[in-house]
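> Below is the sequence, then the predicted model.
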Amino acid sequence: MGKLQDKVAVITGGVSGIGAATARLFVSEGAKVVLVDLNEEKGKAFEAELKTLNAEALFIKADITSEEQVQHVFSQAVSTFGHVDVVFNNAGIGVTKATEEITFAEWRKTVGVDLDGVFLVAHSALKQFLKNGGGVLVNTASMYGWVGAPGNAAYNAAKGGVINLTRSLGLEYADRNIRVNALCPGFIDTPIIPEEVKKDLGAITPMKRLGKAEEMAKAVLFMACDDSSFMTGNTLTVDGGFTAQ
Amino acid sequence: MSNRFDGKVVLITGAGSGLGQASALQVAKEGAKLSLVDLNAASLEETKRKVLEAAPNAEVLLITANVADEKAVENYVKETVEEYGKIDGFFNNAGIEGKQNLTEDFGSDEFQKVVGVNLNGVFYGLKHVLKVMREQGFGSIVNTASVGGIRGVGNQSGYSASKHGVVGLTRNSGIEYGQYGISIKAIAPGAIMTPMVEGSLKQMDPDNWEEVGKQFVQPNPMKRFGKPEEVGYLVAFLLSDQANFINAAVVPIDGGQSYKY
């Protein structure tokens, strides 16, 4: 009996990095997964891969900055699996550039995915959970929501927003059987970090290494399952100690 | 994932009741060998009885010790290593609340007493267990802080100072020992219905403490007390290999209370 036996989990940014590692762990714990991503080719391949493991998986191509497309994800998830119990609100992008060089369009694109998109997914998730009588939302924030990093103004602002959005939603829905928590990853060995800086980022982390996507998945699983039943409006920082420095 | 602690040795202080007992039960169900420490020998026997009920094959070592006494701490670490040869997980948990009072009336002796258990005791535990873990090259530690170690609660000078201190120790030592493959975290429990919290409610109103408890928990976003076993799930997760990259971090478990407006 898995920790998410027969639960239906929607995972945005679900075909690579932390999202894909989480999808793999969730299906191994008995969940049915709905994978949401912009990359259709990778998404269909990942859906097929999970199905070969006898998992129930459904890929849906969607842009989380479109309210209509996000609503479609939830209606399709419900029409396919009957309910949605867990939402891993994980899709995100980054732009690293000196702030004076950044265009307003680049700012809006980053904040559009990392904060507006996270809100839209949360918004649809909460409506669905209220119909269900409950549910669990896990947002991907970042340790860059706790600390400033030069050249990351938009990402810092959006991820800081996700942390306090998580607190706000956690408190608002705490007495309606809906829990909302956030994962704050540190430097993780995923495609979002350029190869040439990985060694240096490992060296400045107190554990002297990068985190692994699978380690993030384990933290997400803990927040998504009943083992964290008294935790809401909360953040789980998984950064090897970086932000304690 | 049901046996995260097969072959693992877990050392727990304050194991005779509350969070320590609940965590002992959880890790024992998942295969851990236990070394259980408490000041109260009878309460340890009670925990052992419950552990063997839940996990009949569990190995259980009981050690009576006052964690405020460094010699006693050195001894419980030594006995644990002599018995099992290693320490995989350490739940550095023993704590007391102290008498509630305004700061001016709190009493210097009372302050010393609370800090002696909650802060000195946690430091001694770290000092002696980390030496063992550094030599063996692995280990996970969970210190018990509190929501009172993150925010002000009132009438609890000693408790608040000591629990804020536990947060500081966790960050400090986590930074030092991460490079050796050791992770150190703190939990910050809020309103969990343990014998300590029951005692606290009885300080507020001995005759009517259950009603006081109901009112006390109303401002909590979840509008209920947490259960010790809910903390046991968190402690088991944090002590297991699932949480190796969580280091120098403080994890509230409080129904949302710590970041309430």
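Yep, it's here. Residues are numbered from 1 along each chain as shown, chains lettered A, B, ... in the order given.

> what does stretch A:73-84 rub up against?
A:8-10, A:32, A:34, A:36, A:56, A:58, A:60, A:62, A:124-125, A:127-129, A:132, A:135 (CB atoms under 8 Å, 6 or more residues apart in numbering or on different chains). Quick note: C-beta positions are derived from backbone N, CA and C, even for glycine.

> how about it as PDB, C-alpha atoms only?
Output of stretch A:73-84 as PDB, limited to C-alpha atoms (Å, rounded to 0.1, in the frame of the first residue of the first chain):
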ATOM      1  CA  VAL A  73      -6.200  20.700 -17.300                       C
ATOM      2  CA  PHE A  74      -8.500  20.200 -14.300                       C
ATOM      3  CA  SER A  75     -11.600  19.400 -16.200                       C
ATOM      4  CA  GLN A  76      -9.700  16.800 -18.200                       C
ATOM      5  CA  ALA A  77      -8.100  15.400 -15.100                       C
ATOM      6  CA  VAL A  78     -11.500  15.000 -13.500                       C
ATOM      7  CA  SER A  79     -13.200  13.600 -16.500                       C
ATOM      8  CA  THR A  80     -10.400  11.000 -16.900                       C
ATOM      9  CA  PHE A  81      -9.800  10.000 -13.300                       C
ATOM     10  CA  GLY A  82     -12.900  11.300 -11.400                       C
ATOM     11  CA  HIS A  83     -11.100  13.500  -8.900                       C
ATOM     12  CA  VAL A  84      -7.900  15.400  -8.100                       C
END
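
> Buried members of the contacts of stretch A:73-84 into ChimeraX, please.
To isolate the buried members of these in ChimeraX, using 16 or more other CB atoms under 10 Å in any protein chain shown:
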select /A:8,9,10,32,34,36,58,60,62,124,125,128,129,132,135
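
> need the contact list for the most centrally placed residue in chain A.
Among the residues of chain A, the one closest to the centroid is residue A:90, at 1.8 Å (CA atoms, centre = their mean). Contact analysis of residue A:90 by CB under 8 Å, 6+ apart lists A:11-14, A:18-19, A:22, A:138-140.

> Could you list the buried residues of whichever strand or helix holds residue B:122?
Using DSSP states H and E, residue B:122 maps to helix B:121-136. The neighbour-count check on helix B:121-136 (16+ other CB under 10 Å) flags B:121-126, B:128-130, B:132-133, B:136 as buried.

> same deal with stretch B:63-81?
Buried, per 16+ other CB under 10 Å, within stretch B:63-81: B:63-70, B:72-73, B:76-77, B:79-81.

> Which one of those is nearest to residue B:234?
Set against residue B:234, the nearest of the buried residues of stretch B:63-81 by CB to CB is residue B:67 (21.3 Å).

> My read is that that closest one contacts residue B:126, right?
No - checked against CB atoms under 8 Å, the pair residue B:67 and residue B:126 is beyond contact range at 11.3 Å.

> Can you list the residue ranges for strands in the chain?
Just going to use chain A. A:8-12, A:32-37, A:57-61, A:86-89, A:135-140, A:178-185, A:234-238 (DSSP state E).

> ah, I was thinking of chain B
B:9-13, B:33-38, B:60-64, B:89-92, B:139-144, B:182-189, B:249-253.

> roughly how far is the longest one from the heart of the chain?
In terms of CA atoms, centre = their mean, to the nearest Å, the centre of strand B:182-189 is set 9 Å apart from its chain centre.

> ok, is stretch B:161-175 in contact with chain A or not?
Yes - Stretch B:161-175 lies within reach of chain A by CB under 8 Å from any CB of the partner chain, at B:170-171, B:174-175.

> Redo those as TSV? Include pLDDT and neighbour count.
Formatted as TSV, the residues of stretch B:161-175 next to chain A follow (pLDDT from 0 to 100; neighbours: other CB atoms under 10 Å in any protein chain shown):
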residue	pLDDT	neighbour count
B:170	98	28
B:171	98	22
B:174	98	27
B:175	97	19
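
> Show only the entries of these found in helices.
Counting by DSSP state H, the residues of stretch B:161-175 next to chain A place B:170-171, B:174-175 in helices.

> Is there a neighbour count for residue A:233? I'd like the number.
Number of residues near residue A:233 (other CB atoms under 10 Å in any protein chain shown) recorded here: 28.

> Chain neighbours aside, what residue packs nearest to it?
Spatial nearest neighbour of residue A:233, chain neighbours left out: residue A:170 (2.5 Å); criterion: CB to CB, 6 or more residues apart in numbering or on different chains.

> Thought residue A:179 was touching the one you found, still the case?
Yes - the pair residue A:170 / residue A:179 is scored as a contact, 7.0 Å apart, by CB under 8 Å.

> hey, what's in contact with both of these two?
Going by CB under 8 Å, 6+ apart, residues that sit against residue A:170 and also against residue A:179 are residue A:232.

> Among the contacts of residue A:90, name the buried ones.
Neighbour counting with 16+ other CB under 10 Å marks A:11-14, A:18-19, A:22, A:138-140 as buried within these.
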